[in-house]
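Participant: coordinates only, no sequence provided:
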């Protein structure tokens, strides 16, 4: 069978358009909705736990068609040209591009295992090999702290007197600070705490930037330091954030700000 020229031309035009059609999931009022946009949205939803299924893709396709209809109507009404919308679009663009910049920096400047291990060893040495279970009573004035010491020497219970502590996090619990390493506290506090024996309290109030403390040591135990592998992700995140902050400061120092 021989095709007529008109039918042959129509067939060729149809075949020529197939690759272009395959690149779009729909065409709304003459404007294509790229299939790549579906892939991008499905990928984003997959990272949030949504399985990539035909049902999900159909839902995404419908959503993108609805968006295209709405954006076309907004453009027809001239809303895209309003100063407020342009400002919001620019802020959204900045956020997206900055996320791309951060991802690029992290990819090109990964934290090496040797750096992570060095940071872990530093943390381990600062934490020490002991943990202390202490209580404290915090007051503003030294005279008030001395009065509390006098009451303790007279037999008053530390837990009862701790109710007047200015530390809201521990006052209701008898001044209990739970188990912690000395590095968890400011130096004057930790120095006084580690000098105590089990059951003792500081007879001289300890001054810090927070006020005056009376510290009681309940117990001491060997420190339970987590292994490198257990805390490696947290150390990596912390070091990466520190590097990003340094990168930002470096860029800022080079920028001409008027």
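Facilitator: Noted; the coordinates are in hand. Everything quoted here is computed from the prediction, not taken from an experiment. Numbering: from 1, shown residues only.
Participant: list the contacts of the nearest residue to residue 200 once chain neighbours are set aside.
Facilitator: Nearest residue to residue 200, sequence neighbours excluded (Cβ to Cβ, 6 or more residues apart in numbering): residue 217, at 5.9 Å. Bear in mind the C-beta positions are built from the backbone N, C-alpha and C, glycine included. Going by Cβ atoms under 8 Å, 6 or more residues apart in numbering, residue 217 touches 132, 133, 134, 193, 196, 197, 198, 199, 200, 201.
Participant: out of those, grab the one that's most surrounded.
Facilitator: Neighbour counts for the contacts of residue 217 (other Cβ atoms under 10 Å) peak at residue 134, which has 27 neighbours.
Participant: tell me which element it is part of?
Facilitator: According to DSSP states H and E, residue 134 maps onto strand 130-139.
Participant: can you give me the pLDDT of the residue nearest to residue 200?
Facilitator: The per-residue pLDDT reported for residue 217 equals 98.
Participant: residue 222 too?
Facilitator: 91.
Participant: flag the shaky bits of the stretch 1-150 of the chain, pLDDT-wise.
Facilitator: For the stretch 1-150 of the chain, the stretches with pLDDT under 70 are 1-22.
Participant: break down it into its strands, ranges please.
Facilitator: 24-28, 31-34, 130-139 (DSSP state E, counting those that start in this stretch).
Participant: tell me the most buried of those?
Facilitator: A comparison of the strands of the stretch 1-150 of the chain by mean neighbour count, using mean count of other Cβ atoms under 10 Å, puts strand 130-139 on top with a mean of 22.
Participant: what residues does that strand touch?
Facilitator: Under the contact criterion Cβ under 8 Å, 6+ apart, strand 130-139 has outside partners 145, 148, 158-159, 161-162, 164-167, 170, 174-182, 189, 193-194, 210-224.
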